[in-house]
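*Asks:* Mind folding the following:
(4 chains)
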2 protein chains.
Amino acid sequence: MSATAKSAPIVLLRQAPDARHAFGAEPPVLHGAGSEVYAQGDRADRLFRVEFGAVRIHRLLADGRRQICAFYLPGEVFGFEADGVHHFFAEAVSATGLTALRGGAGAEAAHDHLGAALRSLVRAQEHLLVVGRQNAAERIAAFLLDMAERQGGLEQFDLPMSRSDIGDYLGLTIETVSRVFSKLRAQGIIRLLGLRSVEVKKPGVLRAMCE
Amino acid sequence: MSATAKSAPIVLLRQAPDARHAFGAEPPVLHGAGSEVYAQGDRADRLFRVEFGAVRIHRLLADGRRQICAFYLPGEVFGFEADGVHHFFAEAVSATGLTALRGGAGAEAAHDHLGAALRSLVRAQEHLLVVGRQNAAERIAAFLLDMAERQGGLEQFDLPMSRSDIGDYLGLTIETVSRVFSKLRAQGIIRLLGLRSVEVKKPGVLRAMCE
DNA sequence: AGCGGCAGCGGGAAAAGCGCGATGGGTGTT
DNA sequence: AACACCCATCGCGCTTTTCCCGCTGCCGCT
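*Replies:* Numbering: from 1, shown residues only, chains lettered A, B, ... in the order given. Just a heads-up that it's a prediction; the model follows:
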């Protein structure tokens, strides 16, 4: 954990009004890497839109095992709950800007939010297939393709999260994640441009791995 | 697969109008065990409410591996998709009655459906924790508690699905499912009243296993 | 420069769970 | 009744992944 872990949002970003922020009236709030956006048990009274950076949604078992249920990247909306109380933790993966969307209880707000909620649901269910039935290499392949696609489909993209985050997202240990990355690199399927940056050389091979 | 596998709904149930069916005007449609409710790729233009029986939502990999993402029990609503196309298969687990809820595109319908969608989302995310980070015994324990709770919280309840379904839901093989059941029985934690019926003797132990 | 902390990488032993085959019980069919 | 068939159970060897270990490189601090 970084020095800013668990701290409250630290800066209200100064920024000119911007048409991209159609939902929220307020400018984005900056969260430092590792800082908590909300905790399990908090009241869930609004949604968040990621403007930049990345957010992880996770939950802990009593002995410290962690499962990251989802990552949210710029443009994506998170914070849904069924009963007004958060069942998970949300933390900034890296320096992250969030805008809050006042979640009105009205029918119109529901209509606005339903689409985003359904996208989260489909994503969670597809992730269940990966975690439940694919082996380590297949999980990493699926993860890389998903991250590439959500960042515009370019062959070169960032992994904002640590190996530990990736492991906890895919249900693997960091050792296994590291080994699979090394093997993919040795086979010329990917190139590691840095710890947090990847280039996919053979996307077809990755796609074939996921079936 | 049973004889009715993949068949269309076979009977339009004759039934008197019933106040429980507040949403749908139509009487429930009976689906035989194993019959398909919708397939991956079908148009998603309505939701379904389970009146009796059970439904599984699943997806297949190219080599036949299967992940069941969710079971739906009486009173629960399923069929949500983000983009008008089903990404998963839905099949009746046993003889099942379904009522269709016309999914209007309007704001009011969205409001009605948002709650059910959010319950599915929370359930999927909690299931991710089970599949991603818990061992075989913990998964079975969590599964039993979940099924018990959703059937009224009694210590004795039905498992409408086969061992194979349970395995594909929890990311285990049927052999592992069977072995864990036997171990729990040998420890006096559960009692098997039949292949599809369980009595939980020590719910506290099960709860402790899930942490 | 030197030091300490942290993240990633890799090796070897160990465990968990899988795959296969055999057995047995229940159900429906001939 | 006899049979076939499906499903669940169980034993055993094997693969995969984890667990525990130390090494390396980077970064910030003194």
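*Asks:* in what helix or strand does the nearest residue to A:Cys69 once chain neighbours are set aside lie?
*Replies:* Spatial nearest neighbour of A:Cys69, excluding adjacent residues (C-beta to C-beta, 6 or more residues apart in numbering or on different chains): B:Gln125 at 4.3 Å. In short, each C-beta sits where N, CA and C put it, glycine included. Assessed by DSSP states H and E, B:Gln125 sits inside helix B:107-133.
*Asks:* these two touch, right, the residue nearest to A:Cys69 and A:His87?
*Replies:* Yes. If you go by C-beta atoms under 8 Å, B:Gln125 and A:His87 touch, sitting 7.3 Å apart.
*Asks:* list residues touching both of those two?
*Replies:* A:Arg59 (C-beta atoms under 8 Å, 6 or more residues apart in numbering or on different chains).
*Asks:* Compare the two (neighbour count), which wins?
*Replies:* B:Gln125 (23 against 19; other C-beta atoms under 10 Å in any protein chain shown).
*Asks:* what's downstream of the worst-scoring helix or strand of chain A on mean pLDDT, the next helix or strand?
*Replies:* Ranked by mean pLDDT, DSSP states H and E, the weakest helix or strand in chain A is strand A:11-12, scoring a mean of 39. Sequence order places strand A:29-31 as the next helix or strand after strand A:11-12, per DSSP H and E.
*Asks:* Strand partners (parallel or antiparallel) of that next one?
*Replies:* The sheet places strand A:29-31 alongside strand A:11-12 (antiparallel), strand A:96-102 (antiparallel), with pairing taken from DSSP bridges.
*Asks:* In chain A, mark out all the helices, start to finish.
*Replies:* A:107-133, A:136-150, A:163-170, A:174-186, A:203-210 (DSSP state H).
*Asks:* How about the third one and DNA strand C, touching?
*Replies:* Yes. Counting by C-beta under 7 Å from any atom of the strand, contacts between helix A:163-170 and DNA strand C involve A:163-164.
*Asks:* what's in contact with that helix?
*Replies:* Under C-beta under 8 Å, 6+ apart, the answer for helix A:163-170 is A:56, A:58, A:66-68, A:71, A:93, A:130-131, A:136, A:139-140, A:143, A:159, A:161, A:172-174, A:176-178, A:181, B:132-133.
*Asks:* Please list which of those are also close to DNA strand C.
*Replies:* A:174, A:177-178, A:181.
*Asks:* residue contacts, the spatially most central residue of chain A?
*Replies:* Geometric centre of chain A, nearest residue: A:Phe71, 1.2 Å, by C-alpha atoms, centre = their mean. By C-beta under 8 Å, 6+ apart, the contact set of A:Phe71 is A:54-57, A:93, A:160-161, A:165, A:169.
*Asks:* Tell me how far it lies from A:Arg65.
*Replies:* 18 Å (C-beta to C-beta, to the nearest Å).
*Asks:* got it, and A:Ala124?
*Replies:* 19 Å.
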